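A.B. asks: task: produce atomic coordinates for the following.
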Amino acid sequence: MAQNTRILLDNRPVGEATPGNFRLETVATPTLQDGQVLIRHHYLSLDPYMRGRMNDAKSYAPPQPLGEVMIGGTVGEVVDSRHPRFAAGDSVVGMGGWQQYSVVDATQPGALRKVDTTHVPLSHYLGAVGMPGVTGWYGLVKIIDPKPGQTVTVSAASGAVGSAVGALAKARGCRVVGIAGGPDKCVYVKNELGFDDCIDYRVHQDYLSLAKALKQACPNGIDGHFENVGGMVLDAVMLRTNAFSRIAVCGMIAGYDGQPLPMANPALILVNRMRVEGFIVSEHMEIWPAALTELGQLVGSGTFRPRESVAEGIESAPDAFIGLLKGRNFGKQLVKLV
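C.D. replies: Alright, predicted model coming up:
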C-alpha cells in the first residue's frame, strides 16, 4: 500500500489564516472496495473559497470539518480501479483534497471525470478548463450577458477566474478592462490575455482615484462587471456603471478574513436599475458541458493562454494558499505533487 501524505485542518483561524491552522500527517492508502478507484494526484488546486470553509460560520456550504483532509480539486492518474469505467493510467479530475492519493467511490455521480490531455494540459483542468473557468463562463454568459461592443470590467483579472472572463468576453466582441494588482500582472493581462486595458489598483489610495482611472479606460461607461474582490474595487466600478448594468458577484476576497465590507454608494443600484447577482457555480451543473467545451476550444487553439503559479510538494500547500489570499500568485495557483 502506498504511503499518503496529507494536510488536515487542525484548528480554525482567528483573523488571517496561518500555517498553524493546518497539520501534516502520513498514512497508508486503504485497500480498494468494489466501485472504488485509487488516484495518484499530480496537481492540487488552491482557491479562495477554501478560506471561507475554514470558518465555522453560516455560508453557502458546510464548514470544513476539523481533523479532516482539506477540501480541494485535484487532477491525477488512476493507479488501481475496481470500477468498470476507470482503468489504470486514465487521467481524471475530482475533489481529492490536500493529499497525494485519494480513494474515490466512482459509483457516485460526478465524483470523478476522465479528461483528454491531447490538446489541453492536465493542470488546466483545475483552472481555465475546470471550476474557475466555468465560474467565469456562468457569471459572464448567464448574468452579465454582454452584447458586442459593450464594456466589461473584471477584478482580479490575472487570476484563474478573471482571465477566463476576459477571454470569453473578448470572444463575444466586448471591450474588456481588467483590474489587477501590480504592473507585471497588468502587462500580462493586456499583452498575453488580450484585454483592451488593465488598471493597477495598488497605485490608487481610494475608490475615487480608482474610479477616475476607470473613467479613462472605459469612456463609454461599464455595462457589465465581474466581481472577485469587493471593497474599494467594487465601489469604484459602481461609480462608472451605466443604466441597466449587470454585476456578477463571484467572490469578496477583500473580506475573507472576517472584516465587514460596507458599500460606499448602494443607491447606485437603484439609480442605474442595476442587476447585482451572486452565484455559486456548483449550483449550476447543467451549464458545465457547454462551458467546458468552449473553454477547451479557447485553450486548445491557443486563443486563451492561462498562466499558472506552481508550488512544489504537498508540504508547500499552506504557504501557497496564504500567498493566494494575499495576491502573491500569478494566475491559477496549483501545488505540484509528482
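
A.B. asks: pull the helix or strand with minimum mean pLDDT from this protein.
C.D. replies: The helix or strand of the chain with the poorest confidence is helix 49-53; it has a mean of 91 (mean pLDDT, DSSP states H and E).

A.B. asks: what are the pairing partners of the helix or strand following that one, and which direction each?
C.D. replies: For helix 49-53, the succeeding helix or strand toward the C-terminus, using DSSP states H and E, is strand 74-81. Each strand that pairs with strand 74-81, with its direction, by DSSP bridges: strand 36-45 (antiparallel), strand 91-94 (antiparallel).

A.B. asks: quick one: residue 154 is in a strand?
C.D. replies: Yes. Remark: residue 154 belongs to a strand, assigned using DSSP: H, G, I helix; E, B strand; the rest coil.

A.B. asks: so which residues make contact with the least confident helix or strand of the chain?
C.D. replies: Counting contacts by C-beta atoms under 8 Å, 6 or more residues apart in numbering, the residues outside helix 49-53 that touch it are 17, 59, 61-64, 70-72, 251, 256-257, 321, 325. All C-beta atoms are positioned from the backbone trio N, CA, C, and that covers glycine.

A.B. asks: quick one: which of those residues is nearest residue 208?
C.D. replies: The shortest separation between residue 208 and any of the contacts of helix 49-53 is 23.3 Å, and it belongs to residue 251 (by C-beta to C-beta).

A.B. asks: could you look up the SS state of that closest one?
C.D. replies: coil.

A.B. asks: that one touches residue 233, doesn't it?
C.D. replies: No. Contact criterion C-beta atoms under 8 Å: residue 251 and residue 233 do not qualify, at 11.1 Å.

A.B. asks: intersection of neighbour lists for the two?
C.D. replies: Common neighbours of residue 251 and residue 233, using C-beta under 8 Å, 6+ apart, are residue 227.

A.B. asks: ranges for the strands of the stretch 201-338 of the chain?
C.D. replies: Taking DSSP state E, counting those that start in this stretch as the criterion, the stretch 201-338 of the chain carries its strands at 222-227, 241-249, 275-278, 308-312, 332-336.

A.B. asks: swap in the stretch 51-200 of the chain?
C.D. replies: Ranges of strands within the stretch 51-200 of the chain are 74-81, 91-94, 101-105, 112-114, 151-155, 175-180, 197-200, based on DSSP E, counting those that start in this stretch.

A.B. asks: now for the last one, which elements pack on it?
C.D. replies: For strand 197-200, the helices and strands in contact under the criterion 3 or more C-beta pairs under 8 Å, 6 or more residues apart in numbering; DSSP states H and E are strand 175-180, helix 183-191, helix 207-217.

A.B. asks: for that strand, list the C-alpha coordinates in PDB.
C.D. replies: As requested, the backbone C-alpha atoms of strand 197-200 are provided in PDB (Å, rounded to 0.1, in the frame of the first residue of the first chain):
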ATOM      1  CA  ASP A 197      -6.700  47.800 -20.900                       C
ATOM      2  CA  CYS A 198      -5.800  47.000 -17.300                       C
ATOM      3  CA  ILE A 199      -5.700  49.200 -14.200                       C
ATOM      4  CA  ASP A 200      -3.300  48.600 -11.300                       C
END
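
A.B. asks: how about residue 137, nearest residue that isn't a chain neighbour?
C.D. replies: Leaving aside its sequence neighbours, residue 137 sits nearest to residue 291 (C-beta to C-beta, 6 or more residues apart in numbering; 3.8 Å).

A.B. asks: quick one: residues contacting the one you found.
C.D. replies: If you count contacts by C-beta under 8 Å, 6+ apart, residue 291 has them with 133-134, 137-138, 141.

A.B. asks: list the ones among those residues that fall in helices.
C.D. replies: 133-134, 137-138 (DSSP state H).

A.B. asks: now the buried members of the residues you listed.
C.D. replies: 133-134, 137-138 (16 or more other C-beta atoms under 10 Å).

A.B. asks: how's the chain carved up into domains?
C.D. replies: Dividing the chain into domains by automatic domain parsing, as the record does, gives the ranges 3-127+306-336, 131-282.

A.B. asks: tell me the pLDDT at the residue nearest the centre of the chain?
C.D. replies: Here the mean C-alpha position of the chain is nearest to the C-alpha of residue 132 (C-alpha atoms, centre = their mean), at a distance of 3.9 Å. Listed pLDDT for residue 132 reads 94.
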